[in-house]
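Colleague: Next one to model:
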Amino acid sequence: MSGACEYEPGSLDGANEPLKGRIAGIIRLAAVGMIALAVGWLQLLQPDWLAKLTIGIAVGMGGFPLFRESTYALRKGRVNMELSMVVAIVASLLLLQFLPAIVITFFALLSEFVEGLIVKKGRKNIESLYRMAPRMAIMKDRSGHTFQNEIEKVKAGDVVITREGDIIAVDGTIISGSSTVDQSSITGESIPVEKKAGDMVFAGTLNLTRQLEIRCERKSTETTFAKIIHLVEEAEVSKAPIQKLTDKMATRLIQFAIGLSVITYLVTHDIVSTLSVIVVAGACGLAVGTPIALLATTGKFSKRGIVTKGGLQIENMSHVETVVFDKTGTLTQGRLEVTQVASLGGLSPRNILEYAAIAERNVNHPLAIAISERASREGILISAKVTSTPDVGVSGRGIVCTYDGIRIGVGNLEFAKCEVSGAISVDEISGMLKGKRESFKFLVNEHKDISGETLQIVRGDEVDLFDHALTTIYVTIDRKLAGAIFFEDSLRPDAKKAVSKLRSMKIRVVMLTGDNRKIAKRIADDLGINEYDSELLPDQKVQRIEEIVRKSGNASKVVMVGDGINDAPALAKADVGIAMGKTGTDVAIETADVVLMTEDLMKIPYLIKNSKNAISVVRQNFFGTLSVDGIGFLLAFTGHINPLLAALIHVSSELVFMVNSARLIMGRNP
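Modeller: Next comes the predicted model:
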């Protein structure tokens, strides 16, 4: 049982056991099994002394790994399962019980072999990450010559060539070429993305279609991919509290078995019962099953673009009863979009949008960008228009330009009051909209849901657009109020589905935002969130998280979901902080307990569900091992089972609990 009851995850670099070692293990298992069957059980080898000598040699050679590991454990002051097996084997040989000796050896080797297969399968997803790590890069010098170099020698500013079908070697910016890139090793998403000059690409992703020239932005040890691997390695080595508990319990079971065997001999003077007590304790299913469950879960998460910082986070996620979302950039897109265009005169909404886009075409401002994007979506080609002449820009208020002899003004209410002859107010404009609504046509807010289907949201007649908009600007034509453009921070397409899924899992959902109460209520109502707090400053968000954590108690955990940047303090105060940073957000990787490499909110219920499954399996193994060992101890102490049957119970229970953990490797949870 190499590593059985002493599971020590190695680094990814040395994850694969050498081929010679695996072959030797298979040969050892097969040889001991054949000798146990032919010589020990069927007694095909005669005379008897030769059969016993053969069994003794087979036990010594086949059980050598057990002897070595038990000796190593004793030197470290530890008591492990290998030691209990060695005691049973040596005692059997001293008492001339050769059949139990070789059968115990065979079962121990069989358990080791099966454990190795399960652990290897559990590490498959993690090892696949390591195999994607680039080792060499094709570099291009200033004279245009190309040459291969070790990835560690590539520095920021170097130009790297990535051919079609090659793994991108560096985090960098494309300076020449365009291609389709598979980013699943980073994001967990299977759909490749189109990349062109000026776009950022990441080490460990796959260039699918055409050659790219990339300017390196970070050295190899600082790439997003390297940081993910480092975090996964740390997560594999770190132990959750429940894993420490199961390790301790496994050791106690072994110590109890050895102590009980002494008591059994003193009470019964029956060496067979004494051996049975030592052999029956099957603590390895507990000690190995736990890390296998956590390893399998960590591997599944990494494959889906979810990075967890250790088994502690998986254990905490399994106890989650409250999920707190920051609104901006988490539940919403975090950028303004034009959602409604209203005509306040004789022009159509499309004309209003067109004039606004003409005025804002050369302005680098979020509202101007949103207007240009909306005009493009509506098929308005501003680039084909005659160049407009900006007359005046009022800082922070608006802009005026002349186009084709028409004076166009675009700005806020204060700007409109100055531009239009005669006083106007929001109440007056709101009244105009309500009074003449049937004579207007509003552009609808379009977005695509998860399946790619275009959805249209049209506000009802009773809805006041000013209550929904984050901000509003006004368009004037020749100093007359012509229309209004409303902006919203649109919901993420999967936000409502994610919230609904969490609520179906009986998880409390809370939203925190710095926006005003009207906007917060509108977002909460759209998503079906009953609890929300608005107009919060960053330090007030921290205080609110502390309050929620305090009221939740120690048994239930609180998750905070944010972008990992401006809400890092709030993430730190929650039991688990989940950062939904964009691909490659360094701050998110550094600050959060869990990092989602894509902005997919449905990964949050997936994360919670699989964490609960992992800890549930660990608990099943825990109580199952205690039950089986308790019954086994009783039967062995009272003489109802012999060492052979005890060995069968021992190995069977171990395999059952290890396979139970292995289910998490194969499981495909939605």
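Colleague: which one is residue 355 nearest to, not counting chain neighbours?
Modeller: Distances taken as C-beta to C-beta, 6 or more residues apart in numbering place residue 408 nearest to residue 355, at 5.1 Å, with adjacent residues excluded. For glycine as for every other residue, the C-beta is placed from the backbone atoms N, C-alpha and C.
Colleague: Assign a three-state SS to that neighbour, would you?
Modeller: Secondary structure for residue 408, judged by DSSP: H, G, I helix; E, B strand; the rest coil, is strand.
Colleague: How about it: which residues does it bridge to?
Modeller: Beta bridges link residue 408 to residue 401, residue 477 when assigned by DSSP bridges.
Colleague: And it, how far from residue 662?
Modeller: Distance from residue 408 to residue 662, counting by C-beta to C-beta, to the nearest Å: 68 Å.
Colleague: do residue 372 as well
Modeller: With C-beta to C-beta as the criterion, residue 372 and residue 662 are 54 Å apart.
Colleague: If you count surrounding residues, which of the two has more?
Modeller: Ranked by neighbour count (other C-beta atoms under 10 Å), residue 372 and residue 662 place residue 662 first, with 23 against 19.
Colleague: quick one: buried residues of whichever strand or helix holds the more buried one?
Modeller: Element membership for residue 662 (DSSP states H and E) is helix 643-666. By neighbour count on 16 or more other C-beta atoms under 10 Å, the buried set for helix 643-666 is 643-647, 649-651, 653-658, 660-662, 664-665.
Colleague: Identify the bridge partners of the spatially most central residue of the chain.
Modeller: Closest residue to the average C-alpha location of the chain: residue 306 at 1.5 Å, with C-alpha atoms, centre = their mean. Taking DSSP bridges as the rule, residue 306 bridges to residue 596.
Colleague: Local confidence estimate at it?
Modeller: Per-residue pLDDT puts residue 306 at 86.
Colleague: quick one: it from residue 605, how far?
Modeller: Computed with C-beta to C-beta, the distance linking residue 306 and residue 605 is 12 Å.
Colleague: confidence score at residue 607?
Modeller: Looking at residue 607, the pLDDT reads 94.
Colleague: What is the neighbour count of it?
Modeller: Quick note: residue 607 (other C-beta under 10 Å) scores 24 neighbours.
Colleague: Report the distance from the strand or helix carrying it to the chain centre.
Modeller: Assigning secondary structure by DSSP H and E places residue 607 in helix 603-637. Centroid separation for helix 603-637 versus its chain: 23 Å, with C-alpha atoms, centre = their mean, to the nearest Å.
Colleague: One more: stretch 493-502?
Modeller: How far stretch 493-502 lies from its chain's middle: 17 Å, per C-alpha atoms, centre = their mean.
Colleague: Buried ones in that stretch, by neighbour count?
Modeller: 493, 494, 495, 496, 497, 498, 499, 501, 502.
Colleague: do the same with stretch 533-552
Modeller: For stretch 533-552, by 16+ other C-beta under 10 Å, it's 533, 534, 536, 541, 542, 544, 545, 548, 549, 552.
Colleague: Please apply the same query to stretch 510-518.
Modeller: For stretch 510-518, a neighbour-count test (16+ other C-beta under 10 Å) marks 510, 511, 512, 513, 514, 515 as buried.
Colleague: likewise stretch 371-384?
Modeller: Neighbour counts over stretch 371-384 (16+ other C-beta under 10 Å) mark 371, 372, 374, 375, 378, 380, 382 as buried.
Colleague: Adding secondary structure, distance to residue 246 and pLDDT, write those residues out as JSON lines.
Modeller: Shown next, in JSON lines, are the buried residues of stretch 371-384 (DSSP: H, G, I helix; E, B strand; the rest coil; distance: C-beta to C-beta, whole Å; pLDDT from 0 to 100):
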{"residue": "371", "secondary structure": "helix", "distance to residue 246": "59", "pLDDT": "90"}
{"residue": "372", "secondary structure": "helix", "distance to residue 246": "59", "pLDDT": "88"}
{"residue": "374", "secondary structure": "helix", "distance to residue 246": "57", "pLDDT": "87"}
{"residue": "375", "secondary structure": "helix", "distance to residue 246": "61", "pLDDT": "88"}
{"residue": "378", "secondary structure": "coil", "distance to residue 246": "61", "pLDDT": "83"}
{"residue": "380", "secondary structure": "coil", "distance to residue 246": "64", "pLDDT": "84"}
{"residue": "382", "secondary structure": "helix", "distance to residue 246": "65", "pLDDT": "75"}
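Colleague: between the residues you listed, which is nearest residue 273?
Modeller: residue 374 (83.3 Å; C-beta to C-beta).
Colleague: of the buried residues of stretch 533-552, the lowest pLDDT goes to which?
Modeller: residue 536 (83).
Colleague: Surely residue 653 touches residue 624?
Modeller: Yes. Shown here, residue 653 and residue 624 form a contact pair, counting by C-beta atoms under 8 Å, at 7.4 Å.
Colleague: any low-confidence regions in the stretch 451-600 of the chain?
Modeller: Within the stretch 451-600 of the chain, the stretches with pLDDT under 70 are 451-470, 564-566, 581-591.
Colleague: Which stretches in it count as strands?
Modeller: 454-457, 471-477, 480-491, 508-512, 531-533, 557-562, 576-579, 594-596 (DSSP state E, counting those that start in this stretch).
Colleague: burial count for residue 208?
Modeller: 14.
Colleague: tell me the pLDDT at it?
Modeller: At residue 208, the predicted lDDT confidence score is 89.
Colleague: Once you drop chain neighbours, what's closest to residue 225?
Modeller: In space, and not counting its chain neighbours, residue 225 is closest to residue 204: 3.5 Å by C-beta to C-beta, 6+ apart.
Colleague: quick one on the thing from earlier: minimum distance to residue 171: which of the strands of the stretch 451-600 of the chain has it?
Modeller: Of these, nearest to residue 171 by C-beta to C-beta is strand 594-596, at 15.9 Å.
Colleague: now residue 649: how far from residue 88?
Modeller: Taking C-beta to C-beta, one finds residue 649 at 13 Å from residue 88.
Colleague: Repeat that for residue 38.
Modeller: Distance, residue 38 to residue 88, by C-beta to C-beta: 22 Å.
Colleague: These two: who's more crowded?
Modeller: Using other C-beta under 10 Å, the more surrounded residue of residue 38 and residue 88 is residue 88, with 31 against 14.
Colleague: secondary structure element for the more buried one?
Modeller: helix 81-94.
Colleague: Report the helix or strand with the lowest average pLDDT across the protein.
Modeller: Scoring the helices and strands of the chain by mean pLDDT, DSSP states H and E places strand 454-457 at the bottom, with a mean of 37.
Colleague: helix, strand or coil for the residue nearest to residue 225?
Modeller: State at residue 204, reduced to three classes by three-state DSSP: coil.
Colleague: That one and residue 370, how far apart?
Modeller: For residue 204, the distance to residue 370 equals 34 Å [C-beta to C-beta].
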